[in-house]
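S.K.: Let me see the structure of the following:
(4 chains)
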4 protein chains.
Amino acid sequence: MQLGMIGLGRMGSNMAQRLMKHGHDCVVYDTRAESMVELQSLGAKGSTSLQEFVSTLTKPRAVWLMLPAAVVDKVLAQLVPLLDKDDIVIDGGNSYYHDDIRRSGELKSSGIHYVDVGTSGGIFGFERGYCLMIGGEKDIVQHLSPIFAALAPGKGNVPETPSRLENPVAGSTADQGYLHCGPHGAGHFVKMVHNGIEYGLMAAYAEGLNILRNADIGLRSHEVDAETTPLQNPEHYQYEFNLPDIAEVWRRGSVVSSWLLDLTADALHGDPALASYEGRVSDSGEGRWTVMAAIDEAIPTPVLSAALQERFSSRGNADFANKILSAMRREFGGHVEKQAPKPAG
Amino acid sequence: MQLGMIGLGRMGSNMAQRLMKHGHDCVVYDTRAESMVELQSLGAKGSTSLQEFVSTLTKPRAVWLMLPAAVVDKVLAQLVPLLDKDDIVIDGGNSYYHDDIRRSGELKSSGIHYVDVGTSGGIFGFERGYCLMIGGEKDIVQHLSPIFAALAPGKGNVPETPSRLENPVAGSTADQGYLHCGPHGAGHFVKMVHNGIEYGLMAAYAEGLNILRNADIGLRSHEVDAETTPLQNPEHYQYEFNLPDIAEVWRRGSVVSSWLLDLTADALHGDPALASYEGRVSDSGEGRWTVMAAIDEAIPTPVLSAALQERFSSRGNADFANKILSAMRREFGGHVEKQAPKPAG
Amino acid sequence: MQLGMIGLGRMGSNMAQRLMKHGHDCVVYDTRAESMVELQSLGAKGSTSLQEFVSTLTKPRAVWLMLPAAVVDKVLAQLVPLLDKDDIVIDGGNSYYHDDIRRSGELKSSGIHYVDVGTSGGIFGFERGYCLMIGGEKDIVQHLSPIFAALAPGKGNVPETPSRLENPVAGSTADQGYLHCGPHGAGHFVKMVHNGIEYGLMAAYAEGLNILRNADIGLRSHEVDAETTPLQNPEHYQYEFNLPDIAEVWRRGSVVSSWLLDLTADALHGDPALASYEGRVSDSGEGRWTVMAAIDEAIPTPVLSAALQERFSSRGNADFANKILSAMRREFGGHVEKQAPKPAG
Amino acid sequence: MQLGMIGLGRMGSNMAQRLMKHGHDCVVYDTRAESMVELQSLGAKGSTSLQEFVSTLTKPRAVWLMLPAAVVDKVLAQLVPLLDKDDIVIDGGNSYYHDDIRRSGELKSSGIHYVDVGTSGGIFGFERGYCLMIGGEKDIVQHLSPIFAALAPGKGNVPETPSRLENPVAGSTADQGYLHCGPHGAGHFVKMVHNGIEYGLMAAYAEGLNILRNADIGLRSHEVDAETTPLQNPEHYQYEFNLPDIAEVWRRGSVVSSWLLDLTADALHGDPALASYEGRVSDSGEGRWTVMAAIDEAIPTPVLSAALQERFSSRGNADFANKILSAMRREFGGHVEKQAPKPAG
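M.R.: As a prediction, this is how the structure comes out:
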């Protein structure tokens, strides 16, 4: 079927290519004309303006936005007046699900349908397929299913879940890698939590590998002073572990194998000390929104919260709090801050 | 080659079978004679006593202990006097690496070699192979490599790590699923951290799914009183998610795919409300030891610690602390504890 | 000066009494007429309706609302039409500071001034005085200063801060127990963070006392099975501590002395096992809002977040997450949940 | 009565002075002779050697060690051979309670008694008195009670605990500021947990003040890029708070008043930006031991653990973990680390 794609960054461009590879027609638009060139060579119809883009599409139109969350509302303000009743707008980016709920309401009065799609897969999605979490009206989502099926990985070589084999679910597309999760916002809600989990998984590996990295602490010399806790049993910390090999060995047969571990093994083998990184870790909105949703629901999320906050700390945002601790220690105990040698890092 | 196996529980028995399937000879011993029957039918030599077990083995003997950590020292006290110089004892269970360091020192005087092997794979290991993390002397580990290779998964259908393809490591067995990690204790140290990470990964999924499970909180009625924080935007929490389908869809193409997620999808499909569980979560020693090692190293592990502590809480161990909070609130604000309806759980 | 007080629960009633004790005139109103009786006997003017209440007050009127956060907007909707330009509305309850910002904007068009006051002190405030954190326009706050000074504790017998003695601050009322913190919302923002800190302080004591309470774990019998981690050194946990005495001794000379500790010592002496509590701990909105503000600011708050989440857990809200952990453990390791005896609690 | 004091650093010297002020006789010893001069001028008997120190004391001798934990065993090795049956050794420093249990056992064979005293009060103890947590044999502790009473603050002007007034405890010294907590190690166990709590309290204030410090984030300019989460409501973060005044106002009448807050107010008034600190926060052993004890007891301590780990992070010990996060993000999403401007700190 035909899909219009607005926003041809790495994600949007790869998705359009994957759709065309699966036999769909793509009409594309991006304010940067050069981002359309390759897609046009592969068969996409480019557009020099939103007007042209809209008029090229067959009604009822299906327009997929693959844009930074911050610009979606701006583009919608230009796009919506050009659309007609029964057209469909799909937001496949990382919008806050609150915005989906609001937007779907706003578009409803014009008879335009809104679908929110949380898209996971990153830069590997063109090849692996994208995991799609979808929110919106049932029949609209149904109508778009050829698109979703093409973008998603399909069953692939992932082993079937044993209990699903025993007790199959009629009509579920979950094992194809895409899923209608619920009404407006449901797709981005599920994607938000997916990313919150991702933060927790990443932090678990990072903390564990940091323990391994510093298992040689008993081999290092230590300052002896009142501000340094002595290592009680240096003989227990004499290990100089090969982290790339450990990450690699865990990929096969262990309980902690995962795609994130695959990536970690790759990164560590290329640069075992990760010397090309500073360790300032950005967070996109989803990790924050996940914890905020958990607070609204009164659900404890110590792991997901800690993972988020480690990122804040990595950017120096705990500095003032730490200064307060040093100031208190000086006040009550006369302790003077010391400059300790850092651990291997 | 020949291996003696002591301890024929689920793990030991499956490992012996896997070794025999790969052409190795197994001499087996367990105080429960019935546990030897099946293995004997598959070709293993059973023993009615430790003495017989030891005398059946060819020198230099290789004896693999697959026992609960708590009984290893007791069995060693009986076994070691029967062994000879150059024999090898392998502890494949979940010993604390401190014990490995001690034991290897104790055995050294008798010329007996000690190897510690952290074994991951659980009840699926017979089929998938076991991920093996090994500590001990280099030549001894080398000598045992046919055994390790048979127990490990091998390369299998796990995709090769791209940076390793580009820049191969001569002689590393990491991509075969087994690895000599370092001197005595190194195997169990790496396995300990592996399990610490496992706790963190599990908690990340569990917390995220709990948020999804309670995303219908805006649909429920709420008590209105001074002790209940009102939900500010009920319209944001109107989702009744299908958790089995969500876990399933994440298995393909998403960033959070993993073996633990595969298992979670299986469990949720069979029992979506997990009504057959109470949620009292045991912890074996490794999670505790991981956090203690991190403390010795002064390495922050907020995620791994939180995951461990959630398990303590799940068993009611925060109850007294919570009573103190209620008592304080009553003292300063006259707040009376209330019985709120639980969220879906 | 004259103040109108709406809302005569424990807080509002005590505050009116404290104001009258300091020579101020109070006009009071509450929908429950019986709550005015005692105050009237002490000299307050009661009102049978909002209309009467407003007409009794001298212009420019000063009206203090001491109401549950959830009803403030409803009362304002009735009250504001009765007020005149230059009148002042003070919200002394626990409103979300977002609401202060909104309301002050709404009232501005009518020329009515809005002041937000975070009030700490609980049921002891009548005697000790209330710590007041104030947001609003400078001259309006200045105008109300006699009221604030009467409600606040004043210098009292709290020792002066040494660096303030050395280097005094002209015009600051901070050492009187009340403070103009900034523009609209500033008072409730500071009170919100105050409560967030309170959660953290409370949890620190509660966790520490729980460790002391269970320091006899080496004296108890333990189940020996694969699902129970054995206590490595029972000889280190043979203490049966007297918690009331320990809380009491810390009140004098220790680094952890505080008013919250005073209250804890009182509660523990009266009921050392806290048997009259179940340990279901409510949270009012402030702890949640504090963590949400920290997330917006990208400021790490592991302690404040953990304290909030412990309260969620205390109400059973982690149950489903824990069931997931049990289900995963069963899937990969065949582990069956066990019912362990609870620790003392 | 007479007490021998070994170790005349700030703590030991102040304690000897306080004892003499209360009429006790002090025999003092320190390897640095100059540290005895002032005490001698106040009436203490100095000693040029351990031998002289011991021979000056009347039997049964009472010797108080006020030494860094790391040197206690070394001094004991020299001291004990000089002592006689029925002499008493008191360790008033910050020893690990495991060491108390061991040492008391070692000294028992010589008939020498051991008492462990956790001492809180810091550099203010001379004036305020020291809070003493005591472990050892009942009659020995009883024998030393004049010493403890002199060092402790006594009832002072701390208000009596209401429930203790109603229902007094015969014979308890808790309200005098010293307490026999239990057998050997009990004093240092209670002091250890006291310090664990202290970490939690400190962190709660520090995190809260950090939120206040950054409440002006809506006034700052922000980078707009894919790696920076936009601030959703800048109008909510327009506050430039006066932290010294806020800490000061909380000292009177609020729920969060405490001695630690008193110190914080003092530090902030002297240096509101805490520019003289770097924020590298040391940890002495007690915070670590507290969390380890909690793990042995399986008691959740999310707040105390987080407080400890923030200190580790403040010293750069999370750096490698953070690099792993950056490396993972690059692998799956092509994200490049960015250098963001730090918040006010």
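
S.K.: going forward, measure contacts and count neighbours with C-alpha atoms only.
M.R.: Will do.

S.K.: Starting from the longest strand belonging to chain A, tell me which strands it pairs with and how they run.
M.R.: In chain A, assigned by DSSP state E, the strand with the most residues is strand A:113-120. Partner strands and pairing direction for strand A:113-120 (DSSP bridges) are strand A:88-91 (parallel), strand A:131-135 (antiparallel).

S.K.: Show me where chain A has its strands.
M.R.: With DSSP E, the ranges of strands along chain A come out as A:2-6, A:25-29, A:45-46, A:62-65, A:88-91, A:113-120, A:131-135, A:178-182.

S.K.: How far off centre is the second one?
M.R.: Relative to the mean C-alpha coordinate of its chain, strand A:25-29 is positioned 25 Å out (C-alpha atoms, centre = their mean, to the nearest Å).

S.K.: Mean neighbour count, the strands paired with strand A:113-120: which tops it?
M.R.: Highest mean neighbour count among the strands paired with strand A:113-120 (mean count of other C-alpha atoms under 10 Å in any protein chain shown): strand A:131-135, with a mean of 31.

S.K.: now it and strand A:178-182, what's the angle there?
M.R.: Computed by axes from the mean of the first three to the mean of the last three C-alpha atoms, to 10 degrees, the angle separating strand A:131-135 from strand A:178-182 equals 30 degrees.

S.K.: show me where pLDDT drops low in chain A?
M.R.: For chain A, the stretches flagged by pLDDT under 70 are A:224, A:226, A:339-345.

S.K.: contacting residues around the residue sitting nearest the centre point of chain A?
M.R.: Centrality entry for chain A: nearest residue to the mean C-alpha point is residue A:195, 5.0 Å, by C-alpha atoms, centre = their mean. By C-alpha atoms under 8 Å, 6 or more residues apart in numbering or on different chains, the contact set of residue A:195 is A:286, A:287.

S.K.: out of the strands paired with strand A:113-120, nearest to residue B:338?
M.R.: Taking C-alpha to C-alpha, strand A:131-135 is the member of these nearest to residue B:338, at 36.8 Å.

S.K.: Not counting its own residues, what contacts that closest one?
M.R.: Here strand A:131-135 has contacts from A:115-121, A:141, A:148, A:152-153, A:177-188, A:190-191, B:249-250, B:252-254, using C-alpha under 8 Å, 6+ apart.

S.K.: Quick one, which of those residues are buried?
M.R.: Restricting the contacts of strand A:131-135 to buried positions leaves A:115-121, A:141, A:148, A:152-153, A:177-188, A:190-191, B:249-250, B:252-254, with burial counted as 16 or more other C-alpha atoms under 10 Å in any protein chain shown.

S.K.: Throw the strands paired with strand A:113-120 into TSV and include distance to residue C:105, thanks.
M.R.: Below are these laid out as TSV (distance: least, C-alpha to C-alpha, whole Å):
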stretch	distance to residue C:105
strand A:88-91	34
strand A:131-135	36
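
S.K.: how near is the closest residue to chain D within the stretch 51-200 of chain A to residue A:128?
M.R.: Residue nearest to chain D within the stretch 51-200 of chain A (C-alpha to the nearest C-alpha): residue A:122, separated by 4.9 Å. Plainly put, residue A:122 is 10 Å away from residue A:128 if you go by C-alpha to C-alpha, to the nearest Å.

S.K.: So for the two, which residue has more residues nearby?
M.R.: Legend: neighbour count by other C-alpha atoms under 10 Å in any protein chain shown for residue A:122 and residue A:128, higher for residue A:122 (22 against 18).

S.K.: Report the contact partners of the more buried one.
M.R.: By C-alpha under 8 Å, 6+ apart, the residues touching residue A:122 are A:11, B:255, D:332, D:333.

S.K.: quick one: which of those residues has the most company?
M.R.: For these, neighbours tallied by other C-alpha under 10 Å; top is residue B:255, 23 neighbours.

S.K.: quick one, phi/psi of that residue?
M.R.: phi -70, psi -20 (degrees, to the nearest 10).

S.K.: Get me the contact residues on the stretch 201-345 of chain A for chain C.
M.R.: A:255, A:288, A:292, A:295-296, A:298-302, A:305-306, A:309-310, A:312-313, A:317-318, A:332 (C-alpha under 8 Å from any C-alpha of the partner chain).
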